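Visitor: Sharing a sequence plus its predicted fold:
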Amino acid sequence: MVATLFGCLLGGVVLALSMTSLKVWRQGKSSTPYILGQAALSLILLARQLQVFSLTKNIFPTGFVALIRLLTLQWLREIGALMGLSII
């Protein structure tokens, strides 16, 4: 129960950061802090998911969710690279 609430809370914060980042970017301002925040929270979520995967060894849904989190982090790295940032 706590793990689900933790994941939903952090996932909601990542979603809020991404929406705010888009709004700020459209206004022509720097969205760097929001991108870095998303990357940091995505890394925390990935680490948690990999920990659960190492304990359960379930490919679905645990391994699948870990893969999605990894792809999200990679996408944020690409966005950061386009902005001249070095993320992870």
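Guide: Perfect, thanks for sending it.
Visitor: Show me where this structure has its helices.
Guide: Listed in chain order, the helices found in the chain under DSSP state H are 2-26, 32-56, 64-82.
Visitor: Could you check how far residue 2 is from residue 64?
Guide: 22 Å (C-beta to C-beta, to the nearest Å). C-betas here are computed from N, CA, C, even on glycine.
Visitor: what about those two, which has more around it?
Guide: residue 64 (13 against 6; other C-beta atoms under 10 Å).
Visitor: coming back round to it: mean pLDDT for the helices of the chain - can I get that in TSV?
Guide: Shown next, in TSV, are those (pLDDT from 0 to 100):
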stretch	mean pLDDT
helix 2-26	89
helix 32-56	92
helix 64-82	92
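Visitor: ok, and the closest non-adjacent residue to residue 53?
Guide: With sequence-adjacent residues excluded and distances taken as C-beta to C-beta, 6 or more residues apart in numbering, residue 53 is closest to residue 62, at 4.6 Å.
Visitor: What about the one you found, how many residues nearby?
Guide: 18.
Visitor: ok, it - contacts?
Guide: 49, 52, 53, 56 (C-beta atoms under 8 Å, 6 or more residues apart in numbering).
Visitor: quick one: which of the residues you listed has the most company?
Guide: residue 49 (21 neighbours).
Visitor: quick one: it from residue 86, how far?
Guide: Taking C-beta to C-beta, one finds residue 49 at 24 Å from residue 86.
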